[in-house]
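[1] Quick one, structure for this:
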Amino acid sequence: LLRGGPDCLLVGTNRDHRLPLEGGTAIPGTGCLVKAVETAAQREAFIVGKPNRYMFDCVVSEFNIDPARTIMVGDRLDTDILMGNSCGLTTLLTLTGVTTLDEVRGHQESDCPARQSLVPDYYVDSIADLLPALGD
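    Model prediction:
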């Protein structure tokens, strides 16, 4: 990356700092590795995954996706919900990841536009809560 100069692309998948495990523990996420390489390369990576809309734009270009009829389901505010909101999707937060309902309420009560962009349209405790509705 240093020898290749600006023509050598530095691409990362995401900036997730930690990945939750069952029982409340977590392991370092891909974002830790991306940050380490960015530091060594002395430049920022182009992130193709959430919350960057690049991935969504690729899907839209390949398939006939109507954002008004699409829902983004995820367990992180700073990636899943932020991407869904910035792409004009309905957003559904599952509380099975690192995000708590208190965190959502804090963003919801804020006057800060950046924090408001992290507020989901809906939330469920688990994705399994949607199974009864899918049977209809």
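[2] so C58, which of the three states?
    Judged by DSSP: H, G, I helix; E, B strand; the rest coil, the three-state class of C58 is helix.
[3] what's the pLDDT at the most centrally placed residue in the chain?
    Per CA atoms, centre = their mean, the C-alpha nearest to the average position across the chain is that of T79, at 1.7 Å. In this model, T79 is scored at 91, pLDDT.
[4] Between the two ends of stretch 84-100, what distance do you get?
    Start-to-end span of stretch 84-100 (CA to CA, to the nearest Å) is 18 Å.
[5] Okay, buried residues for that stretch please.
    Neighbour-count burial for stretch 84-100 flags 84-85, 87, 89-95, 97-99 (criterion: 16 or more other CB atoms under 10 Å). No exception for glycine: its C-beta is placed from N, CA and C like everyone else's.
[6] Arrange the residues you listed in CSV, one row each, with pLDDT and distance to A41 as further columns.
    As requested, the buried residues of stretch 84-100 are exported to CSV (pLDDT from 0 to 100; distance: CB to CB, whole Å):
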residue, pLDDT, distance to A41
G84, 97, 30
N85, 97, 31
C87, 95, 29
L89, 96, 33
T90, 97, 37
T91, 98, 33
L92, 97, 36
L93, 97, 34
T94, 95, 35
L95, 93, 36
G97, 77, 29
V98, 79, 27
T99, 89, 31
